[in-house]
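[1] quick one: sequence plus predicted model below, questions after.
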Amino acid sequence: MHIHTMETNNFASTAVGVVGAAGYTGQEVLRLLAHHPGADVRFATSDSEAGQDAGVSGLTLTPAGDAPLDEVDVVFLCVPHGAAVPWVERARSAGTRVVDLTADHRPGSGREDASGAVYGLTELQGDAVAGAHLVANPGCYPTGVQLALRPLLDGGLLASDETVVVNAASGVTGAGRTPKRSLLFAEVAGDYRAYGLGNEHRHLKEMRVGLPGLPILFQPHLLPVPRGILETIFLPVPPGVGPDHVRDAWAERYAEAPALRIWTEGVPALADVVGTDRLDLGVVANAGLPGLLTVVAALDNLGKGAAGQAVQNFNLMTGQPPARGIRC
């Protein structure tokens with residue numbers, strides 16, 4: 001494996017590249033890496049905006065075909081879903097490690113076993129990420145749902161065989177930067193709509209693998225805001241289980257998780273997390289319904305839901321502190 005390092009502010013800096021740096025996710029990855037003391041950005045690509053300033057000192061966006069994969073140790077793939085597979089093959093040939101922000105190698109994709117991809121939900125798979133050559137960065141919706149529910153599922157705090165209902169809402173950047181009529185300002189402003197109806201959203205496969213055997217009804221909505229995700233989860237619990245049990249389970253599992261904040265009372269809102277790389281979790285009881293709790297998970301879809309998590313994975317892959325370079 002080739003190693004390209006430089007000393008920056010007393011930190012060993014790893015050579016990195018970003019493929020697909022003009023999309024919302026690519027821009028956010030590049031923004032974080034530009035100020036990361038352990039990252040040396042060598043290239044950033046965009047076919048549509050080649051020749052323009054990349055937003056990193058002295059760096060210009062280049063066509064994707066010119067990406068010098070053999071000159072970096074880690075490459076971030078911020079390409080459209082379905083386009084990452086050939087890039088992974090090229091990176092392997094160059095001896096370059098990959099953080100893939102597409103859905104192409106996530107659980108449920110059908111490619112994860114053959115590719116040897118490690119699922120990069122850092123709070124749950126951190127040890128595996130550290131030695132990985134290909135990390136599948138989780139989806140934005142599944143990040144909040146899995147981190148909220150996995151400790152409860154493992155701890156027996158969910159009522160067996162009862163459906164967990166997730167109402168989730170995301171800002172419009174979650175749909176990408178490619179122009180679409182349905183996402184124009186005049187179409188979105190003043191509106192609030194459900195989509196992916198019928199429990200068929202593509203992120204469900206990822207959730208079901210991460211939460212085996214748990215019945216989930218997942219309903220996403222489009223919020224008329226630029227960014228942020230709020231997931232309201234209706235949690236059927238056994239007799240005697242209350243909010244304190246849930247918070248204790250989270251606290252035990254995530255005691256060493258810098259990018260996760262547990263609310264001791266109340267629940268988070270979008271304004272608490274937008275512009276951060278952190279997930280906030282809160283839980284409350286429901287009057288008259290002792291067997292049903294409400295959990296709220298809040299995160300920035302471009303932060304903890306994408307770029308922030310990708311940088312966390314990069315940190316673990318390169319032996320750096322998990323919170324380095326992210327906004328907690």
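    Great, that's in hand. Numbers count the residues shown, from 1 in each chain.
[2] which SS state does P151 fall under?
    What DSSP: H, G, I helix; E, B strand; the rest coil gives for P151 is helix.
[3] contacts for stretch 213-224 next, please.
    141, 145, 149, 153, 158, 161-172, 175, 188-197, 199, 201, 203-204, 207-208, 230, 270 (Cβ atoms under 8 Å, 6 or more residues apart in numbering). To be clear about C-beta, it is placed using only N, CA and C from the backbone, and glycine gets the same treatment.
[4] check stretch 180-195 too.
    Residues contacting stretch 180-195 (Cβ under 8 Å, 6+ apart): 169, 172, 175, 219-224.
[5] how long is that stretch end to end?
    15 Å (Cα to Cα, to the nearest Å).
[6] about what we covered before: buried members of the contacts of stretch 180-195 into ChimeraX, please.
    Those of those that count as buried under 16 or more other Cβ atoms under 10 Å are selected in ChimeraX with:
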select :169,172,175,219,220,222,223
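[7] and the least confident of the contacts of stretch 180-195?
    Sorting the contacts of stretch 180-195 by pLDDT puts A175 at the bottom of the list (71).
[8] and that residue, how far from G240?
    Distance, A175 to G240, by Cβ to Cβ, to the nearest Å: 42 Å.
[9] same question for E231.
    Distance from E231 to G240, by Cβ to Cβ: 25 Å.
[10] tell me which of the two has more neighbours.
    Legend: neighbour count by other Cβ atoms under 10 Å for E231 and G240, higher for E231 (24 against 8).
[11] and the more buried one, how close does it get to G213?
    20 Å.
[12] what does I229 give?
    Applying Cβ to Cβ, the value for I229 to G213 is 25 Å.
[13] these two: which is more packed in?
    Set I229 next to G213 and count neighbours by other Cβ under 10 Å: I229 wins out with 28 against 8.
[14] pretty sure the more buried one is touching L302, no?
    No. Between I229 and L302 there is no contact under Cβ atoms under 8 Å: 9.7 Å.
[15] ranges for the strands of this structure?
    5-8, 11-19, 39-45, 74-77, 97-100, 118-119, 134-136, 164-170, 193-194, 216-222, 229-236, 260-262, 279-285, 292-299 (DSSP state E).
[16] next, format those as TSV and append distance to P86.
    TSV is the format used below for those (distance: least, Cβ to Cβ, whole Å):
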stretch	distance to P86
strand 5-8	28
strand 11-19	11
strand 39-45	14
strand 74-77	10
strand 97-100	12
strand 118-119	20
strand 134-136	13
strand 164-170	28
strand 193-194	35
strand 216-222	29
strand 229-236	30
strand 260-262	34
strand 279-285	32
strand 292-299	30
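[17] ok, H203 - contacts?
    Contacts of H203 by Cβ under 8 Å, 6+ apart are 139, 141-142, 218, 220.
[18] now it: how far from P107?
    Separation of H203 from P107 (Cβ to Cβ) stands at 11 Å.
[19] for T62, same thing?
    In terms of Cβ to Cβ, T62 sits 33 Å off from P107.
[20] same deal with G156?
    Taking Cβ to Cβ as the criterion, G156 is separated from P107 by 23 Å.
[21] what confidence value was assigned to the nearest residue in space to Q27 that is not next to it in sequence?
    Excluding the flanking residues, the one nearest Q27 by Cβ to Cβ, 6 or more residues apart in numbering is A21, at 6.7 Å. pLDDT recorded at A21 is 94.
[22] list the residues that contact the closest residue to G174 other than its chain neighbours.
    Distances taken as Cβ to Cβ, 6+ apart put N301 closest to G174, at 4.6 Å, once the chain neighbours are dropped. Contact analysis of N301 by Cβ under 8 Å, 6+ apart lists 140, 170-171, 173-174, 227-229.
[23] V267 too?
    Applying Cβ under 8 Å, 6+ apart, the residues near V267 are 282-284, 294-296, 298.
[24] what segments of this protein are helices?
    Secondary structure of the chain (DSSP state H): helices at 24-34, 84-94, 112-115, 122-130, 140-154, 185-188, 203-210, 243-253, 308-317.
[25] hey, least reliable of those helices by pLDDT?
    Among these, helix 185-188 scores lowest, at a mean of 74.
[26] run the chain-centre distance for it.
    26 Å (Cα atoms, centre = their mean, to the nearest Å).
[27] do the same with stretch 304-314
    6 Å.
[28] what's the answer for stretch 82-102, then?
    18 Å.
[29] would you put the C-alpha positions of it in PDB?
    C-alpha atoms of stretch 82-102 as PDB (Å, rounded to 0.1, in the frame of the first residue of the first chain):
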ATOM      1  CA  GLY A  82     -25.100   3.200  -9.400                       C
ATOM      2  CA  ALA A  83     -21.800   4.800 -10.600                       C
ATOM      3  CA  ALA A  84     -19.500   3.800  -7.800                       C
ATOM      4  CA  VAL A  85     -18.700   0.200  -8.800                       C
ATOM      5  CA  PRO A  86     -16.200   1.000 -11.600                       C
ATOM      6  CA  TRP A  87     -14.500   3.600  -9.400                       C
ATOM      7  CA  VAL A  88     -14.000   1.000  -6.700                       C
ATOM      8  CA  GLU A  89     -12.400  -1.300  -9.200                       C
ATOM      9  CA  ARG A  90     -10.100   1.500 -10.400                       C
ATOM     10  CA  ALA A  91      -9.200   2.400  -6.800                       C
ATOM     11  CA  ARG A  92      -8.300  -1.200  -5.900                       C
ATOM     12  CA  SER A  93      -6.000  -1.400  -8.900                       C
ATOM     13  CA  ALA A  94      -4.300   1.800  -7.700                       C
ATOM     14  CA  GLY A  95      -4.000   0.500  -4.200                       C
ATOM     15  CA  THR A  96      -6.300   3.300  -2.900                       C
ATOM     16  CA  ARG A  97      -8.800   2.900  -0.100                       C
ATOM     17  CA  VAL A  98     -12.300   4.100  -0.600                       C
ATOM     18  CA  VAL A  99     -15.100   5.800   1.300                       C
ATOM     19  CA  ASP A 100     -18.200   5.200  -0.900                       C
ATOM     20  CA  LEU A 101     -21.000   7.700  -0.200                       C
ATOM     21  CA  THR A 102     -23.400   6.000  -2.600                       C
END
